[in-house]
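J.: The following comprises the amino acid sequence and a computationally predicted model.
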Amino acid sequence: MLVAAAVCPCPPLLVPEVAAGAAPELDSARAACTGALGVLAAARPDLLVVVGPAEGSGSGRHPEGTTGSFRGFGVDLEVRLGRDTGTGGGLPPSLAVAAWLLERTGWSDAPIEGLGVEESLTPERCAAAGRDLAARAGRVALLVMGDGSARRTLKAPGYLDERADPFDMGVARALEEADTSALMALDVPLAHDLKASGRAPWQVLAGAAEDAGLSGTLLHDDAPYGVGYLVAAWS
């Protein structure tokens, strides 16, 4: 059963070594992520599952001990999902950022697994995956990685789209209210157009939380680079 969830953005820029001189610009987002992970630890889960967007070989299950790297972003930094179990590499960027967040906060409260979710996964399949995750242990927590629209400003990666602000506002409201129905109702083609990488992971969360009766708190809502970065905690 799902007992807690944290929702965090997944830009590699969250990692100060990657952001370099721009690192202070995301200090507030990092602090909010730390707060959200504190909610997970307080829930004392038997299992933590990290869910994030992924494509190709990065999609699917990633066992504890899987490593990831930020070398593709010009930084010789390796991270590991939980304990060293001798598992090889293969974490997609979103789960590598999650692993960095967990290492940064010294997570040691429960075993960890990862799940990379493809953008094309339908809402129904996302929800089914979430229900499966929630049934994996008596007390399950989720760390859900994903960004909002990448089209909030003229300088955003996807340029300006006037639909971006309303979309992210709807997601922020759903996360604040732990509204699983609203998350399930997110428009898939619109999310794709707006380059919102969090759509599928958020719908996995919605499936996992269907009958959990959790309450939500929105900890951060900003778009410093024209990309929606949302942090929330459910417990």
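T.: Cool, got the structure. Numbering: from 1, shown residues only.

J.: quick one: the helices in this structure?
T.: Secondary structure of the chain (DSSP state H): helices located at 16-19, 27-42, 93-104, 123-134, 164-177, 180-184, 188-193, 199-208.

J.: How far does the fourth one sit from its chain's centre?
T.: Relative to its parent chain, helix 123-134 has a centroid offset of 15 Å by CA atoms, centre = their mean, to the nearest Å.

J.: what sits up against that helix?
T.: 1-2, 49, 51, 115, 117, 121, 140, 142, 184, 186, 188, 200-201, 203-210, 212 (CB atoms under 8 Å, 6 or more residues apart in numbering). In short, each C-beta sits where N, CA and C put it, glycine included.

J.: Can you read off the pLDDT for Gly21?
T.: pLDDT for Gly21: 83.

J.: Contacts only, for Leu48.
T.: With CB under 8 Å, 6+ apart, Leu48 has these contacts: 40, 107, 109-113, 140-143.

J.: cool, Leu194 as well?
T.: By CB under 8 Å, 6+ apart, the neighbours of Leu194 are 148-151, 158, 161, 163-164, 167.

J.: if you set the cut-off to 10 Å instead, what comes out?
T.: 148-152, 156, 158, 161, 163-164, 167-168, 187, 228 (CB atoms under 10 Å, 6 or more residues apart in numbering).

J.: do the same with Leu37
T.: 6, 8, 48, 98, 101-102, 104-107, 109, 141, 143, 231, 233.

J.: Would you point out the helix or strand in the chain whose mean pLDDT is lowest?
T.: One helix or strand of the chain scores below all others by mean pLDDT, DSSP states H and E: helix 16-19, with a mean of 94.

J.: That one: which residues count as buried?
T.: Using 16 or more other CB atoms under 10 Å as the test for burial, helix 16-19 gives 16, 18-19.

J.: Equivalent analysis for stretch 62-82, please.
T.: 62, 64-70, 75, 77, 79-82.

J.: At the geometric centre of the chain, which residue sits there?
T.: Centroid check for the chain by CA atoms, centre = their mean gives Met145 as the closest residue, at 0.8 Å.

J.: The residue lying closest to Leu218 once chain neighbours are set aside: neighbour count?
T.: In space, Leu218 comes closest to Glu176 once its chain neighbours are excluded; the distance is 3.9 Å by CB to CB, 6 or more residues apart in numbering. Burial of Glu176 is recorded as 17 neighbouring residues (other CB atoms under 10 Å).

J.: quick one, what contacts the spatially closest residue to Gly198 that is not a sequence neighbour?
T.: With CB to CB, 6+ apart as the criterion, Gly198 has its nearest non-adjacent residue at 2.4 Å, and that residue is Gly146. Neighbour list for Gly146: 7-10, 51-53, 94, 117, 171, 196-205, 228, 230 [criterion: CB under 10 Å, 6+ apart].

J.: Check Leu95 too.
T.: Leu95 is in contact with 10, 50-54, 58, 62, 66, 68, 79, 81, 114-116, 143, 145, counting by CB under 10 Å, 6+ apart.
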